[in-house]
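Asks: for reference, the sequence and a predicted model appear below.
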Amino acid sequence: MQSLLDGNGELGGIPAKVDGLFSQAYTANARIHTNSWGPTIPGLPYTSGNAGAEIDNFIKEHPDMLICFAAGNEGIDVDQNGVVNFMQIGKYAAAKNCLTVGASENYRPEQSVLYRAFADYRAEPLRTDKTANDSMGMAAFSNRGPSQEGRIKPDIVAPGTCILSTRSARAADRGDWGRSEDPSYMYKGGTSIACPLVAGGCALIRQALKKQKPEPSAAPVKALLINGAVELRGQYLPSEAGRSPNFSSGWGRVNLAESIAMAKFDEESEATVGCLEGEALRDTGFAEKEINNNEEGKTLKVTLVWTDLPGALLQNCLALSVTVGDNVRRGNPTSDRKNNVEQVVWSAIPMEKVVIKVEVKHLLRIHGEQDFALVWKLS
């Protein structure tokens, strides 16, 4: 536990260089760091205060440390047209190598809290919508992407409304998110609640990996979380989330059981489910993974994650592709090489050999190298 608060209860304890915060935790043997704090000014660029670069550089130099950041709760409808505005995620949460977590809705329909209690939502469907009546819906207040640099953020979402949690004896319960019948518990909400839920899930994923490898890096943990996520359908027409990836729910809502089921380092040459930490690729190098698909109509989902060098844009660029017979599909076909996460989802695959390929597009330094993590499931 680390506190950033000053004597007035404000965030006056943020160090001048945030990598000092992570170094302290790393030295104490923490390998997952969850951060439910950040600026209340939405959409600040990655370069604001050099914070994004410090986060990316720390993870690059400490590849077994996963740093999570809440996406923020400044989701607003400036136009009052019932649609939450985009390009709100920034600064810390815009870092490439961190895991940025947004909030979806919990399902507690008995709670009558409306979104307009937290922001000036005057247009439908936001004005009269309950905060916890559709688990396939986005929380209205959750900051949307993309980042100013065009990255898909958040990476993932998790329930962040009407979450029942333990209550300190010194904590006032104003009932903002509903009333608990047990005074030892209270309801809270926000991406600051969703983020530690995800961090706890990451700890379980890492625990599963540690059974096979003592010190797994953060990249396969992040890749497993994303590959296991379910598409957040959305609750409005048109959808406020929808097909993954998107700038509201990222690669979807956490499904921890699915992610842990894939936490198997590849031991068989043609395993239909698993993950790997790939050897570092150099110059025009590539790596391939082959799967023998012996049944028609299966679905392949594969996610590539790499820990990039600090910089507002991609410094080292890898590319994911899948070949089945004469057909090829590429990761993030509309993202224009802005993300160090790529994914291919291919349904109704014909009964032919599947070849997953990770290749170098460019490296910042001549004769440089870039490692990566890959997770796949054919089912």
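Replies: Sure thing, it's come through.
Asks: separation between Glu240 and Gly189?
Replies: 17 Å (Cβ to Cβ, to the nearest Å). To be clear about C-beta, it is placed using only N, CA and C from the backbone, and glycine gets the same treatment.
Asks: so for the longest helix along the chain, mean pLDDT?
Replies: Identified as the longest helix of the chain according to DSSP state H is helix 191-210. The average pLDDT within helix 191-210 is 97.
Asks: ok, stretch 324-332 next?
Replies: On average, stretch 324-332 scores 91.
Asks: need the strands for the stretch 101-250 of the chain, in chain order.
Replies: In the stretch 101-250 of the chain, the strands defined using DSSP state E, counting those that start in this stretch lie at 156-159, 163-166, 185-188.
Asks: tell me the most buried of the ones you listed?
Replies: Mean neighbours per residue, mean count of other Cβ atoms under 10 Å, is largest over the strands of the stretch 101-250 of the chain for strand 156-159, with a mean of 27.
Asks: avg pLDDT for that one?
Replies: pLDDT averaged over strand 156-159 gives 98.
Asks: one step back: now do the longest helix of the chain: which elements does it pack against?
Replies: strand 32-35, strand 66-70, strand 99-104, strand 156-159, strand 163-166, helix 218-228, helix 256-261 (3 or more Cβ pairs under 8 Å, 6 or more residues apart in numbering; DSSP states H and E).
Asks: mind putting the ones you listed into TSV with distance to Arg144?
Replies: Putting those into TSV (distance: least, Cβ to Cβ, whole Å) gives the following:
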stretch	distance to Arg144
strand 32-35	19
strand 66-70	14
strand 99-104	8
strand 156-159	11
strand 163-166	21
helix 218-228	18
helix 256-261	24
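Asks: highest mean neighbour count out of the ones you listed?
Replies: Ranked by mean neighbour count, those are led by strand 99-104 with a mean of 31 (mean count of other Cβ under 10 Å).
Asks: so how far is that strand off the chain centroid?
Replies: 6 Å (Cα atoms, centre = their mean, to the nearest Å).
Asks: angle of that strand against helix 218-228?
Replies: Orientation of strand 99-104 against helix 218-228 (axes from the mean of the first three to the mean of the last three Cα atoms, to 10 degrees) gives an angle of 30 degrees.
Asks: rewinding a little: how about the strands of the stretch 101-250 of the chain in a markdown table, adding distance to Val198?
Replies: Listed next are the strands of the stretch 101-250 of the chain as a markdown table, based on distance: least, Cβ to Cβ, whole Å:
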| stretch | distance to Val198 |
| --- | --- |
| strand 156-159 | 5 |
| strand 163-166 | 12 |
| strand 185-188 | 15 |
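Asks: buried stuff in stretch 56-75?
Replies: Within stretch 56-75, the residues that qualify as buried are 56-60, 62-63, 65-75, counting by 16 or more other Cβ atoms under 10 Å.
Asks: meant to ask about stretch 276-288
Replies: Within stretch 276-288, the residues that qualify as buried are 276-278, 281, 287, counting by 16+ other Cβ under 10 Å.
Asks: show me the domain layout of this structure.
Replies: Under the assignment automatic domain parsing, the domains of the chain span 19-258, 267-378.
Asks: which one of these has the poorest average confidence?
Replies: domain 267-378 (a mean of 91).
Asks: could you check how far it is from the centre of its chain?
Replies: 18 Å.
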